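Student: coords below, sequence missing:
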(Lines give C-alpha, C1' and ligand atoms only; values in the text may rest on other atoms or scores of the structure.)
Protein backbone atom coordinates (compact mmCIF):
# COMPACT_ATOMS: atom_id res chain seq x y z
CA UNK A 1 0.00 0.00 0.00
CA UNK A 2 1.28 3.49 -0.80
CA UNK A 3 2.11 5.98 1.93
CA UNK A 4 0.79 9.20 0.45
CA UNK A 5 2.35 11.51 3.03
CA UNK A 6 5.80 9.84 3.00
CA UNK A 7 8.76 11.82 1.62
CA UNK A 8 10.95 8.72 1.45
CA UNK A 9 9.64 6.29 -1.19
CA UNK A 10 10.62 2.67 -0.80
CA UNK A 11 13.44 1.67 -3.17
CA UNK A 12 12.78 -0.79 -5.95
CA UNK A 13 14.29 -4.20 -5.22
CA UNK A 14 16.39 -4.38 -8.41
CA UNK A 15 17.46 -0.74 -8.57
CA UNK A 16 21.22 -0.13 -8.32
CA UNK A 17 22.45 1.36 -5.05
CA UNK A 18 24.58 4.45 -5.73
CA UNK A 19 27.36 5.67 -3.48
CA UNK A 20 27.29 9.32 -2.43
CA UNK A 21 30.35 10.08 -4.59
CA UNK A 22 28.64 8.63 -7.68
CA UNK A 23 25.30 10.43 -7.34
CA UNK A 24 24.74 12.50 -10.51
CA UNK A 25 27.29 10.62 -12.64
CA UNK A 26 26.22 8.18 -15.38
CA UNK A 27 26.28 4.49 -14.58
CA UNK A 28 29.25 2.78 -16.24
CA UNK A 29 28.75 -0.66 -17.72
CA UNK A 30 31.55 -3.10 -17.12
CA UNK A 31 32.65 -5.13 -20.12
CA UNK A 32 31.87 -8.83 -19.99
CA UNK A 33 34.90 -10.96 -19.27
CA UNK A 34 36.38 -12.52 -22.39
CA UNK A 35 35.77 -16.25 -22.37
CA UNK A 36 37.67 -18.32 -24.86
CA UNK A 37 36.52 -21.82 -25.57
CA UNK A 38 39.13 -24.04 -27.22
CA UNK A 39 36.46 -26.46 -28.50
CA UNK A 40 34.58 -23.91 -30.60
CA UNK A 41 35.73 -23.19 -34.14
CA UNK A 42 35.35 -19.68 -35.47
CA UNK A 43 36.08 -20.69 -39.07
CA UNK A 44 33.27 -20.08 -41.61
CA UNK A 45 31.23 -23.13 -42.61
CA UNK A 46 31.27 -24.42 -46.17
CA UNK A 47 27.78 -25.71 -46.91
CA UNK A 48 28.66 -26.89 -50.41
CA UNK A 49 26.85 -24.11 -52.26
CA UNK A 50 30.06 -22.23 -53.04
CA UNK A 51 31.78 -22.05 -56.41
CA UNK A 52 33.25 -25.55 -56.68
CA UNK A 53 35.01 -25.56 -53.31
CA UNK A 54 34.44 -28.67 -51.25
CA UNK A 55 35.41 -29.27 -47.68
CA UNK A 56 38.85 -30.90 -47.64
CA UNK A 57 37.98 -33.48 -44.97
CA UNK A 58 34.41 -34.19 -46.11
CA UNK A 59 33.71 -37.87 -46.77
CA UNK A 60 32.41 -38.73 -50.23
CA UNK A 61 28.67 -38.46 -50.53
CA UNK A 62 26.83 -41.76 -50.31
CA UNK A 63 24.66 -42.62 -53.32
CA UNK A 64 21.06 -41.64 -52.79
CA UNK A 65 18.55 -44.40 -52.39
CA UNK A 66 15.88 -44.46 -55.09
CA UNK A 67 12.55 -42.99 -54.11
CA UNK A 68 10.03 -45.78 -53.74
CA UNK A 69 6.55 -44.98 -54.94
CA UNK A 70 3.59 -47.28 -54.51
CA UNK A 71 2.36 -48.99 -57.62
CA UNK A 72 -0.82 -47.51 -59.08
CA UNK A 73 -3.92 -49.40 -57.99
CA UNK A 74 -5.13 -52.01 -60.43
CA UNK A 75 -8.55 -53.61 -60.56
CA UNK A 76 -8.60 -56.94 -58.76
CA UNK A 77 -8.67 -60.06 -60.90
CA UNK A 78 -11.40 -62.57 -60.16
CA UNK A 79 -11.72 -66.28 -60.77
CA UNK A 80 -13.30 -66.03 -64.24
CA UNK A 81 -10.59 -63.74 -65.53
CA UNK A 82 -12.96 -60.78 -65.56
CA UNK A 83 -11.74 -57.55 -64.06
CA UNK A 84 -13.59 -55.08 -61.91
CA UNK A 85 -14.71 -52.21 -64.10
CA UNK A 86 -16.69 -49.93 -61.75
CA UNK A 87 -18.19 -49.55 -58.31
CA UNK A 88 -21.36 -48.23 -56.74
CA UNK A 89 -21.46 -46.80 -53.21
CA UNK A 90 -24.49 -46.95 -50.92
CA UNK A 91 -24.64 -45.40 -47.46
CA UNK A 92 -27.18 -44.86 -44.73
CA UNK A 93 -27.48 -43.93 -41.08
CA UNK A 94 -27.41 -46.72 -38.52
CA UNK A 95 -31.04 -47.14 -37.50
CA UNK A 96 -33.60 -49.79 -38.54
CA UNK A 97 -35.71 -47.70 -40.93
CA UNK A 98 -32.66 -46.44 -42.82
CA UNK A 99 -31.21 -49.96 -43.10
CA UNK A 100 -34.50 -51.25 -44.56
CA UNK A 101 -34.46 -48.40 -47.10
CA UNK A 102 -30.85 -49.29 -48.01
CA UNK A 103 -31.85 -52.90 -48.71
CA UNK A 104 -34.61 -51.70 -51.04
CA UNK A 105 -32.21 -49.29 -52.76
CA UNK A 106 -29.58 -52.00 -53.45
CA UNK A 107 -32.25 -54.51 -54.60
CA UNK A 108 -33.81 -51.92 -56.94
CA UNK A 109 -30.39 -51.03 -58.41
CA UNK A 110 -29.65 -54.71 -59.10
CA UNK A 111 -33.10 -55.23 -60.73
CA UNK A 112 -32.56 -52.16 -62.95
CA UNK A 113 -29.12 -53.47 -64.04
CA UNK A 114 -29.52 -57.23 -64.68
CA UNK A 115 -26.21 -57.49 -66.59
CA UNK A 116 -24.13 -56.52 -63.56
CA UNK A 117 -22.03 -59.26 -62.01
CA UNK A 118 -20.92 -58.37 -58.49
CA UNK A 119 -17.22 -59.17 -58.06
CA UNK A 120 -16.68 -57.86 -54.54
CA UNK A 121 -18.33 -55.86 -51.74
CA UNK A 122 -16.82 -53.79 -48.94
CA UNK A 123 -18.72 -52.73 -45.82
CA UNK A 124 -17.42 -49.94 -43.59
CA UNK A 125 -18.90 -48.09 -40.63
CA UNK A 126 -17.91 -44.50 -40.00
CA UNK A 127 -19.20 -41.00 -39.53
CA UNK A 128 -20.61 -38.98 -42.40
CA UNK A 129 -20.96 -35.31 -41.63
CA UNK A 130 -24.00 -33.51 -42.99
CA UNK A 131 -25.68 -31.15 -40.54
CA UNK A 132 -24.13 -33.16 -37.74
CA UNK A 133 -21.81 -36.16 -37.63
CA UNK A 134 -23.72 -39.43 -37.29
CA UNK A 135 -22.55 -43.04 -37.48
CA UNK A 136 -23.25 -44.50 -40.90
CA UNK A 137 -22.98 -47.73 -42.83
CA UNK A 138 -21.13 -47.51 -46.15
CA UNK A 139 -21.38 -50.35 -48.69
CA UNK A 140 -19.25 -50.36 -51.84
CA UNK A 141 -20.30 -52.82 -54.55
CA UNK A 142 -17.55 -53.58 -57.09
CA UNK A 143 -18.76 -54.95 -60.45
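Tutor: Sure, I can see it. Bear in mind the structure is a predicted one, so any value in this text is a computation, not a measurement.

Student: low-confidence ranges in this protein?
Tutor: Within the chain, the ranges that satisfy pLDDT under 70 run 1-23, 27-38, 40-42, 45, 49-81.

Student: what do you get if the cut-off is 80, keeping everything else the same?
Tutor: 1-82, 130 (pLDDT under 80).

Student: which non-adjacent residue is nearest residue 128?
Tutor: Nearest residue to residue 128, sequence neighbours excluded (C-beta to C-beta, 6 or more residues apart in numbering): residue 136, at 4.4 Å. In short, each C-beta sits where N, CA and C put it, glycine included.

Student: my guess is the one you found contacts residue 93, does it?
Tutor: Yes - contact between residue 136 and residue 93 holds when scored by C-beta atoms under 8 Å: they sit 5.5 Å apart.

Student: Bridging across strands, which residues link to the nearest residue to residue 125 once chain neighbours are set aside?
Tutor: Nearest residue to residue 125 in three dimensions, chain neighbours excluded: residue 137, at 5.7 Å (C-beta to C-beta, 6+ apart). With DSSP bridges as the criterion, residue 137 is bridged to residue 92, residue 125.
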